[in-house]
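Trainee: Got a predicted structure plus its sequence, pasted below:
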Amino acid sequence: MERNGKQRGNLLASAAIGAQQAGRVAAPVAPLVIEAVFAADASCSVTIGSAEFVLPDAAPAFAAALGTLPNPGRPLTLAVRGGAAARHVSAIVRLIGSAGFDNVTVLRNDDA
């Protein structure tokens, strides 16, 4: 394309740079999954890997365990079972957020 007497590059020629640098892009990180199972007495069993915490009593230990996890910028999925009230789920999300995780997806399965 020519404009004001000067040759200008086109989009296709400049797009080739992206293909050369594609190998430098980091692979996506698998999301961390935290499982929360609510009981009839409103207690909640939260599992991170093999560690289990019974909330609300173990909330400080749960928050401390979240703080030791690497890369708080990665996606985190909170899988909730047991028909929990929204306020209980949001309390767990706030604990997760206090540890620096801000990319949280909540999956609910109230049938289990």
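Mentor: Arrived safely, thanks for sending. Numbering: from 1, shown residues only.

Trainee: The chain: strands as residue ranges?
Mentor: Counting by DSSP state E, the chain has strands at residues 2-3, 6-7, 32-38, 44-48, 51-55, 76-81, 104-109.

Trainee: average pLDDT across the longest helix along the chain?
Mentor: Secondary structure of the chain per DSSP state H: the longest helix is helix 86-98. With pLDDT averaged residue by residue, helix 86-98 scores 93.

Trainee: just stretch 63-80 next, same as before
Mentor: The average pLDDT for stretch 63-80 rounds to 91.

Trainee: wait, what's in contact with the closest residue in space to residue 107 that isn't next to it in sequence?
Mentor: Closest residue to residue 107 apart from its sequence neighbours, by Cβ to Cβ, 6 or more residues apart in numbering: residue 79 at 4.9 Å. Heads up, the C-betas are built off the backbone N, CA and C, glycines and all. Residue 79 is in contact with 33, 34, 35, 36, 107, 109, counting by Cβ atoms under 8 Å, 6 or more residues apart in numbering.

Trainee: My read is that the third one contacts residue 81, right?
Mentor: Looking back up the chat, that one is residue 35. Yes - Residue 35 is within contact range of residue 81, at 7.4 Å (criterion: Cβ atoms under 8 Å).

Trainee: hang on, the earlier thing: buried ones in the longest helix of the chain?
Mentor: Buried residues in helix 86-98, counted by 16 or more other Cβ atoms under 10 Å: 88, 89, 91, 92, 93, 95, 96.

Trainee: Closest one of the residues you listed to residue 56?
Mentor: Minimum distance to residue 56 across these is 7.8 Å, recorded for residue 91 (Cβ to Cβ).

Trainee: For that closest one, give its distance to residue 71.
Mentor: 24 Å (Cβ to Cβ, to the nearest Å).
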